[in-house]
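Colleague: Dropping a prediction and its sequence here:
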There are 2 protein chains.
Amino acid sequence: MSMNPIKCHSCSARASRLCSSLDEDAIYELDAIATRIEVSKGNYIFQEEDPSSYVYNISTGMGYLERLSSDGRRQIMAFLFPGDYIGLIPDPIVNVSAGGLTDMSVCRWNIKDIENLIDKHPEFEHRLRRIGNRVLATTLDQLFMLGCKDAREKLAFFLLQMEKRQLVALGEIETIHLPMTRGDIADYLGITVETVSRIFTRIKKEGLIELPDSNEVVIKNRELLEEIAEYNGIDY
Amino acid sequence: MSMNPIKCHSCSARASRLCSSLDEDAIYELDAIATRIEVSKGNYIFQEEDPSSYVYNISTGMGYLERLSSDGRRQIMAFLFPGDYIGLIPDPIVNVSAGGLTDMSVCRWNIKDIENLIDKHPEFEHRLRRIGNRVLATTLDQLFMLGCKDAREKLAFFLLQMEKRQLVALGEIETIHLPMTRGDIADYLGITVETVSRIFTRIKKEGLIELPDSNEVVIKNRELLEEIAEYNGIDY
DNA sequence: CGCGTATTTGATCTATCTCAAAGGCCGTGG
DNA sequence: CCACGGCCTTTGAGATAGATCAAATACGCG
């Protein structure tokens, strides 16, 4: 984990929900109080037990938010895409860790500094609230998925969600790239690795998807997949 | 559903997270733009398909937030206690309905009116964001519960959560009152009615709880129940 | 090329679901 | 005031989706 000076105006996440709330002048203030962190694949941005007086914005790379139980069970709360914001202000982040699925560049701010920025730029507070609203809406979708769907529906939901997020964050649409392992997917969907693998095989046989390799998915029958997932998707 | 004039300063939810953010002067402004709604048991405050340009605060009574799938599966997203706030500003409420477990009194505001109030009282925006943060933290707990816990752990989690919420919202501690049906509990925990019932019987036999009647629970072995639930509980 | 890890597949097991029915509680109407 | 009907809860018996255990294959990396 190293730190470097950054330049917001040339940042690839400049258009992210957090940063785009500020105009060209104000962005320099955000820049001035930011720290750029490089996190390599498999390492953590922060962990549950960390002091957590920071908030973060993903610049490049992908990651996940997870929570572990004392006996080792794991729930992935979200997969993180470039532009994603993590953090609660002024409340500290609660009981989650953020890890890297790939090498990542992450911007980090001290909560206190952000609070000062809020005082100067009220529209920033507004934006933070909007981001929070969106996260809540996504999390409710996920709650519904975990509580009501069976394994096949869960995987369909997951694939469509990943496709949509990838489209918005990266602009790629041909194939869905899955930087996470089957185990990560399992922990996101509340099922086991073996079940994830079996369902992949099954929906491939059903002609719903193709698997050029295990980390690339091409949707062949979107209509049916959407019907199975019952996923309309919130706009990211 | 009837409407009456209200008086915030004498409202039993005056200390709620929403209303307590304003001082005695400002509360009159909140009062002036509020509509009091009476919702009787079994009816809805609002439903998924409603235009949803309002936000709400529970004054008295209890309810739930639910989402239904097209084939009738149901997920209860939250149980609502007096003082609970519902709503996203300026985004509309998404795909959830709010129903009454008991007769309820609910305050309702037009989102536009609240936005005007925010302009006048910036601390109100701040408060809204804090409320959102809290809801998110609760929802993440729930996500973890749904994804990782087995039926017994889920019920233990539920009972401790209800106890804590009841303590904060109503100040009652002797017994846990459950105004919801076994079916509601099932839909909250992502299991079936029969399983809920069986687990109640089981943990009663195990000496963890007593059931004076099916809607009242007394915790007999809190230590073990907490260990099973792995629930520390966020502060409500 | 060979090791370690991830994925897939197979064979069983089991927690929970489903289907079914009995018992209890409550409100309604006679 | 009691009887009836409907709903909720509990309990039982059997079915099953998904978990667990185990092993073979495939993949990426040094």
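Modeller: Here it is on my side, so go on. Residues are numbered from 1 along each chain as shown, chains lettered A, B, ... in the order given.
Colleague: what residues does chain A put near DNA strand C?
Modeller: Residues of chain A lying close to DNA strand C (C-beta under 7 Å from any atom of the strand) are A:181-183, A:193-194, A:196-198, A:200-201, A:211, A:214-215. Every residue, glycine included, has its C-beta placed from N, CA and C.
Colleague: ok, 10 Å please
Modeller: A:42, A:147, A:150, A:178-186, A:192-202, A:204-205, A:211, A:213-215 (C-beta under 10 Å from any atom of the strand).
Colleague: from those residues, which ones fall inside strands?
Modeller: Among those, the residues falling in strands (DSSP state E) are A:L211, A:D213.
Colleague: Please, a PyMOL command that selects the buried ones among the residues of chain A next to DNA strand C?
Modeller: PyMOL command restricting the residues of chain A next to DNA strand C to the buried ones, with burial defined by 16 or more other C-beta atoms under 10 Å in any protein chain shown:
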select buried, chain A and resi 147+178+179+180+182+184+185+186+195+196+199+200
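Colleague: Is the lengthiest helix in chain A in proximity to DNA strand D?
Modeller: Secondary structure of chain A per DSSP state H: the longest helix is helix A:122-148. No: against DNA strand D, helix A:122-148 shows no contacts by C-beta under 10 Å from any atom of the strand, the least distance being 10.6 Å.
Colleague: before we move on, what about stretch A:165-181?
Modeller: No: for stretch A:165-181, no contact with DNA strand D is found by C-beta under 10 Å from any atom of the strand; the gap never falls below 11.0 Å.
Colleague: Is that stretch positioned near chain B?
Modeller: No: using C-beta under 8 Å from any C-beta of the partner chain, stretch A:165-181 stays clear of chain B, with a minimum separation of 15.3 Å.
Colleague: so of the residues of chain A next to DNA strand C, which ones are in helices?
Modeller: In helices, judged by DSSP H, the following of these are found: A:147, A:182-186, A:193-202, A:204-205.
Colleague: How much space separates the residue nearest the centre of chain A from chain B?
Modeller: By C-alpha atoms, centre = their mean, the mean C-alpha position of chain A lies nearest to A:L80, the distance being 2.0 Å. Distance of A:L80 to chain B, computed by C-beta to the nearest C-beta, to the nearest Å: 15 Å.
Colleague: For that residue, give me its contacts.
Modeller: Taking C-beta atoms under 8 Å, 6 or more residues apart in numbering or on different chains, we find A:L80 in contact with A:I58, A:M62, A:G63, A:Y64, A:L65, A:I86, A:A98, A:L101.
Colleague: ditto for A:R202
Modeller: A:R152.
Colleague: The one 5 residues further on now?
Modeller: Residues in contact with A:G207, defined by C-beta under 8 Å, 6+ apart, are A:K220, A:N221.
Colleague: separation between it and A:G183?
Modeller: According to C-beta to C-beta, to the nearest Å, A:G207 and A:G183 sit 26 Å apart.
Colleague: same deal with A:S197?
Modeller: 10 Å.
Colleague: Report all helices and strands that the longest helix of chain A contacts.
Modeller: Under the contact definition 3 or more C-beta pairs under 8 Å, 6 or more residues apart in numbering or on different chains; DSSP states H and E, helix A:122-148 sits against strand A:74-80, helix A:111-120, helix A:151-170, strand B:74-80, helix B:122-148.
Colleague: Of all those, which one is nearest A:T139?
Modeller: With C-beta to C-beta as the measure, helix B:122-148 is the member of these nearest A:T139 (5.0 Å).
Colleague: between the closest one and strand A:74-80, how big is the angle?
Modeller: 130 degrees (axes from the mean of the first three to the mean of the last three C-alpha atoms, to 10 degrees).
Colleague: Buried ones in helix B:122-148, by neighbour count?
Modeller: Within helix B:122-148, the residues that qualify as buried are B:124-148, counting by 16+ other C-beta under 10 Å.
Colleague: now the angle from that helix to helix A:111-120?
Modeller: Per the same axes, to 10 degrees, the angle that helix B:122-148 makes with helix A:111-120 is 140 degrees.
Colleague: So for helix B:122-148, mean pLDDT?
Modeller: Mean pLDDT, computed over helix B:122-148, is 93.
Colleague: Chain B contacts on chain A?
Modeller: Residues of chain A found near chain B (C-beta under 8 Å from any C-beta) are A:67, A:69-70, A:73-75, A:77, A:88-89, A:91, A:94-96, A:122, A:125-126, A:128-130, A:132-137, A:139-140, A:142-144, A:146-148, A:187, A:189-190, A:230, A:234.
Colleague: Please repeat the previous calculation with a cut-off of 6 Å.
Modeller: Neighbours of chain B within chain A, by C-beta under 6 Å from any C-beta of the partner chain: A:67, A:69, A:73, A:75, A:77, A:88, A:91, A:94, A:125, A:129, A:132-133, A:136-137, A:139-140, A:143-144, A:146-148, A:190, A:230.
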